[in-house]
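Chemist: Predicted model follows, preceded by the sequence.
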Amino acid sequence: PVHDVSTKHAPLLGRSTEWSSLTNAWRTAGNGRSCMVAITGEPGIGKTRLAEELVVWAERQGILTATARCYAMSGKSLNVNECTALFRQTEGYPLFIVEAIRAGIDLDHGRSNGAKEADNALNQGATFLTISQKVTAVLKHRLAQLSPSTRAILQLASVIGREFTYDILASACDQPEDLVITALDEGWQRYIVREQGHNAYDFSHEKLRAAAYAQISPAQKKQYHRRVAESLAQRTGGATATLGQVAEHYVRAGMILEAIPFFQQAAEAAQHIYANEDAAAAFRRGIDLLVKRQQAGGVDGATMNATAARLHDGLGDVYARIGKHSLARAAFRAALAELTAQEQVRRSDLLRRIGDSHYVQHSYDQALASYRESEQSLTVALAEDDQALRQAQIQLQLSLMRLFYGRANDAELASALERIGPVVNARGTQAE
């Protein structure tokens, strides 16, 4: 209730400039433009007194006011970075702010320990906070107000992520379309979800999404993740982020073999837009999962070896692009180890790229040794008369010519040119 507090304070003195700023901000807000004022300064100069005076001024005009106080963290003031981290974690909800401070969240790094263990979270915008019993109770109460069918559909939405589209939700849901629409409408009315433009929604707070997700049984989670993965897979459009989401959903559904090809596709898509670090991360994720799946047994060895060779090959290519040549060579050698004896053309290509990596680092003798190994593999494969073999031969001779030219070895350069000339003229590209 509004009450008169006019006798609580002595007159405010010596703050005319600051007071003018506050009242101007109030008038701006009264004209429909939202704003926020932060009163900053050294301890003891009257910041709290000035804020209290504004409350008194507003209450005298019959305006309903509300106040809250911040709690210090073990007597420690929060710096700008910690305040930013706290806002990112809580999105400004007062209850969450207080409970985060009381829980001792790791603001020095801006993330809780739970977040550090969830780097591969599906929802990249998600935040992680040690949720107290009080916050948990509030969240559960809000979700309990929903009808059972709406709660189940929004639980499925929580599997998709903080942000989701109607199309993906409806496709992954086994309920009629009108029931999905009713669920979204009820969730919107209760401010559980918000509409974000055409056909898009999000949960009003990440903690609500996390609470809804936590209510799903482990078996149901796997089924939901599979449905979401299949729905997203039909609508990837080659987008790197979506391909990665499909892969992660398959992982959480326990379908590792289905996930690995999508990690490879995500990595290749990232390469095309020069997002090389993302590409390397996706290749590594696919390799790690493949190793775990091989250790579990029950899979075709030849298929796994072929997949491993492709992943290591791709990872080596990314490392070579970004100048991590020792890692590139290690990846190429790992790919070599997965090849069969019949794959001599691929073996030659990998050996040539190992040589190219040595060449870039001016290790010319090691480069030449790799090129000679590559040449030997092509000699074994010469019975095959196909375009891949001829292309590998052209690329190898071009690499050798570059090396010989750089070392002023005219005799070897002329010999390489003599060997490759007819092949280039017959089957090479215009650039070659």
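Modeler: Yep, that arrived. As the structure is a prediction and not an experimental result, all values here were calculated from the model. Numbering: from 1, shown residues only.

Chemist: For the rest of this, base every contact and every neighbour count on C-alpha atoms.
Modeler: Will do.

Chemist: hmm, which helix or strand of this structure has the shakiest average pLDDT?
Modeler: helix 113-116 (a mean of 37; mean pLDDT, DSSP states H and E).

Chemist: which is the next helix or strand following that helix?
Modeler: helix 133-144 (DSSP states H and E).

Chemist: what packs against that following helix?
Modeler: helix 94-103, helix 206-214 (3 or more CA pairs under 8 Å, 6 or more residues apart in numbering; DSSP states H and E).

Chemist: got a list of contacts for that helix?
Modeler: Contacts with helix 133-144, where a contact means CA atoms under 8 Å, 6 or more residues apart in numbering, come from 95-96, 99, 151, 192, 207-208, 211-212.

Chemist: wait, F283 sits on D317?
Modeler: No. The criterion here is CA atoms under 8 Å, and F283 misses it with D317 at 10.6 Å.

Chemist: the more surrounded of these two?
Modeler: Ranked by neighbour count (other CA atoms under 10 Å), F283 and D317 place F283 first, with 28 against 23.

Chemist: how near is the more buried one to T165?
Modeler: F283 sits 28 Å away from T165, going by CA to CA, to the nearest Å.

Chemist: same thing with A58?
Modeler: Counting by CA to CA - A58 and T165 are separated by 43 Å.

Chemist: which one of the two has more residues nearby?
Modeler: T165 (18 against 15).

Chemist: what's the closest non-adjacent residue to that one?
Modeler: A200 (4.4 Å; CA to CA, 6 or more residues apart in numbering).

Chemist: Might you calculate how far the helix or strand hosting L169 sits from the centre of the chain?
Modeler: Secondary structure assignment for L169, by DSSP H and E: helix 166-172. In terms of CA atoms, centre = their mean, to the nearest Å, the centre of helix 166-172 is set 22 Å apart from its chain centre.

Chemist: Then stretch 334-342?
Modeler: On CA atoms, centre = their mean, the centre of stretch 334-342 falls 32 Å from the chain's centre.

Chemist: List the buried residues in it.
Modeler: Within stretch 334-342, the residues that qualify as buried by neighbour count (16 or more other CA atoms under 10 Å) are 334-336, 338-339.

Chemist: what does it contact?
Modeler: Against stretch 334-342 from outside (CA under 8 Å, 6+ apart): 305-306, 308-313, 347, 350.

Chemist: if you set the cut-off to 10 Å instead, what comes out?
Modeler: 302, 304-316, 328-331, 343, 346-351, 380-381 (CA atoms under 10 Å, 6 or more residues apart in numbering).

Chemist: Ok, stretch 400-418 next?
Modeler: Residues contacting stretch 400-418 (CA under 10 Å, 6+ apart): 352, 355-356, 359, 362, 364-365, 367-368, 371-372, 394-399, 419-421, 424.

Chemist: Now go through those and say which are in helices.
Modeler: With helices taken from DSSP state H, the overlap with those comprises 352, 355-356, 359, 364-365, 367-368, 371-372, 394-399, 419-421, 424.

Chemist: Can you tell me which of those residues are buried?
Modeler: Those of the ones in helices among the contacts of stretch 400-418 that meet the buried threshold are 352, 355-356, 359, 364, 367-368, 371-372, 394-399, 420, 424, by 16+ other CA under 10 Å.

Chemist: follow-up on the earlier one: if you compare the helices and strands packed on helix 133-144, which one is most tucked away?
Modeler: helix 206-214 (a mean of 21; mean count of other CA atoms under 10 Å).

Chemist: Mind giving me the packing neighbours of it?
Modeler: helix 80-90, helix 133-144, helix 148-160, strand 200-203 (3 or more CA pairs under 10 Å, 6 or more residues apart in numbering; DSSP states H and E).

Chemist: To T240, which of these lies closest?
Modeler: Closest of the helices and strands packed on helix 206-214 to T240 is helix 148-160, at 16.4 Å (criterion: CA to CA).

Chemist: where in this protein is pLDDT low?
Modeler: In the predicted model of the chain, residues 1-10, 43, 69-76, 99-132, 238, 381-385, 423-432 satisfy pLDDT under 70.

Chemist: Apply 50 and report the result again.
Modeler: 1-7, 74, 109-129 (pLDDT under 50).
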